[in-house]
Structures are given as structure tokens and as C-alpha cells.
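>>> Take a look and give me a structure for this.
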Amino acid sequence: MAHTTQILEKQKLQHSPNLNTVLMVEETLKEARELVTLADLKRKLPRKVMHQTLIQILDYLQISGKIMIGTKGVLWIFTERKELNELIKRGTEV
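Numbering: from 1, shown residues only. Presented below is the predicted three-dimensional model:
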């Protein structure tokens, strides 16, 4: 938890991405539905995003539990409640 706080405090000193940019990256990762390399993610984004800004957004998304970042790329892991309800109705084990 202390590490997360240190990251967030460090980011306060830097320029923060705007909400539209964060949402654009989120949507692109959700739609990918597979592991995406950083280079592929940059190509898939509808608008260019500075590298440091993208890294900041990915750090935030990882801290908030929406993505996993590994050595081979980035993966969207967050399941929205409505999707979870559908899985429960079908009896899918999560």
C-alpha cells in the first residue's frame, strides 16, 4: 500500500492525463479482448498519446485493478457488474 501511495504522490507532481484520454485508453484495451503489446496499443489508439502519459494511465489502470501488465503486454481484466450477472445467470464459474 505504501508503494501505491508513493506512486500516486509522485504522479501529483507531474502533468496528469485528462479524463478523455484515460477513457480512450480504457476503451481500446477493453475492445482488444487479448494481450496487447505497448506498441500495438499505441497503434490501436484513435489519437496519439505521449509515451509518458500512456505509462501514467497504465499505472493508474493497474493500481485500480482494471489491467494486468506483464512482460509480454497489457491485458484488460476488469469485469463490469452486468457482465458478472450474466455469467452468474448462466452458471459460469468465475
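
>>> Please report phi then psi for R33.
phi 50, psi 20 (degrees, to the nearest 10).

>>> State the number of residues packed around it.
Residue neighbour count, defined by other C-beta atoms under 10 Å, stands at 9 for R33. All C-beta atoms are positioned from the backbone trio N, CA, C, and that covers glycine.

>>> who touches it in this structure?
Applying C-beta atoms under 8 Å, 6 or more residues apart in numbering, one finds that R33 lies in contact with W76.

>>> Same question for L38.
L38 touches 54, 73-74, counting by C-beta under 8 Å, 6+ apart.

>>> Pick the one among those residues closest to E34.
G73 (8.8 Å; C-beta to C-beta).

>>> which residues does the closest one contact?
Contacts of G73 by C-beta under 8 Å, 6+ apart are 35-38, 40-41.

>>> Any idea which helix or strand in this protein has the lowest mean pLDDT?
helix 2-13 (a mean of 60; mean pLDDT, DSSP states H and E).

>>> Just the helices from the protein, written as ranges.
2-13, 19-32, 38-44, 51-63, 81-90 (DSSP state H).

>>> can I get the CA coordinates of the third one in PDB?
In this case it means helix 38-44. Output of helix 38-44 as PDB, limited to C-alpha atoms (Å, rounded to 0.1, in the frame of the first residue of the first chain):
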ATOM      1  CA  LEU A  38       2.600  -1.400 -25.800                       C
ATOM      2  CA  ALA A  39       3.500  -0.800 -29.500                       C
ATOM      3  CA  ASP A  40       0.200  -2.400 -30.600                       C
ATOM      4  CA  LEU A  41      -1.800  -0.300 -28.100                       C
ATOM      5  CA  LYS A  42      -0.200   2.900 -29.400                       C
ATOM      6  CA  ARG A  43      -1.200   1.900 -32.900                       C
ATOM      7  CA  LYS A  44      -4.800   1.000 -31.900                       C
END
